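*Asks:* mind looking at a prediction? Sequence and model below.
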Amino acid sequence: MPVRLVQCKTAASRSGLPGLDWAVNPYRGCGHSCAYCYAQDVTRFELACAWGEVIEVKVNIVQKLKKELANGAKGVYGLGTVTDPYQSLERKFELTRGCLLALKNASAEVSILTKSDLVLRDIDVLKGWTAAEVGVSMASLDTDLAGLLEPGAPAPKKRLDALRNLSEEGVRTYLMAAPIIHGLSDSEDSLREIVREANSSGVLTIIWDKFNPKPMATSRLRKRLAEKGIVAPCPHTKDDIARIRSILGSECAKAGINLSDAF
């Protein structure tokens, strides 16, 4: 995997995502290589390469973030909005950890989203930080399907264990059930299992989203599925979305879990 060390001009950029004022992404590109990810469509990063083949490492992001925080930038910081902050390169570079320490020292609010149990490495930083939350994302709890869709990400069980450990340490958590893909992960049994596992992991909130059919993401997903002889899924209809929301809502109500749409 080609890795480029780069200097960033700024650490935080304004975010248009709900609940987030700032976006902080220590890396560009993502080694998890998720088939459904539309980050490349949005960022237009390395369009000639497959998603995940090239990663940029913003080696000076921690120093930049400290300066921006010292200058009084306020609001909620989203860590990992277009790339996973705990992809495998983080083990070596520890940029996410450095950003977290800077944010905590500045008494900032932070929301992390990851697919990796590597977040547990930083539990010493997250414990007792009431303005921090960690979301763990999974498209499916089925190990084989997850391996096909998210080949570079830890297995679903490791992610659930991470949620459980974080919750037990008093860290505010949520499960991001996304993307729910038509015909692959939207059966009633699959949806019920998501809520059941979230509940057993101590999660109090589930955020869900359907597959966002951006052109490059759609092409990548079709190709990945075709390699295994799986017919590409159709987009969800309004009735499909209503059914998913109804099932998740009913199960969450029974478990005392708050359910939210992603967007």
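*Replies:* Thanks, I have the structure now. Residues are numbered from 1 along each chain as shown.
*Asks:* let me see the contact set for the nearest residue to Thr205 once chain neighbours are set aside.
*Replies:* Among residues not flanking Thr205 along the chain, Tyr174 sits closest, at 4.0 Å (Cβ to Cβ, 6 or more residues apart in numbering). No exception for glycine: its C-beta is placed from N, CA and C like everyone else's. Neighbouring residues of Tyr174 by Cβ atoms under 8 Å, 6 or more residues apart in numbering: 133-136, 203-207.
*Asks:* who does Tyr174 bridge with?
*Replies:* Beta-bridge pairing for Tyr174 (DSSP bridges): Gly135.
*Asks:* what's the pLDDT at it?
*Replies:* pLDDT recorded at Tyr174 is 97.
*Asks:* same question, the one 3 residues further on
*Replies:* With respect to pLDDT, Ala177 has a value of 98.
*Asks:* where's it relative to Glu251, distance?
*Replies:* 11 Å (Cβ to Cβ, to the nearest Å).
*Asks:* more crowded one of the two?
*Replies:* Using other Cβ atoms under 10 Å as the criterion, Ala177 and Glu251 rank with Ala177 on top: 25 against 21.
*Asks:* please enumerate the strands of the stretch 101-250 of the chain.
*Replies:* 109-114, 132-138, 172-180, 205-210 (DSSP state E, counting those that start in this stretch).
*Asks:* can you tell me which helices and strands the second one packs against?
*Replies:* If I follow you right, that is strand 132-138. strand 109-114, helix 156-168, strand 172-180 (3 or more Cβ pairs under 8 Å, 6 or more residues apart in numbering; DSSP states H and E).
*Asks:* parallel or antiparallel, list what pairs with the first one.
*Replies:* In other words, strand 109-114. Applying DSSP bridges, one finds strand 109-114 paired with strand 76-79 (parallel), strand 132-138 (parallel).
*Asks:* taking strand 205-210 as reference, get the angle to it.
*Replies:* Counting by axes from the mean of the first three to the mean of the last three Cα atoms, to 10 degrees, strand 109-114 points 50 degrees away from the direction of strand 205-210.
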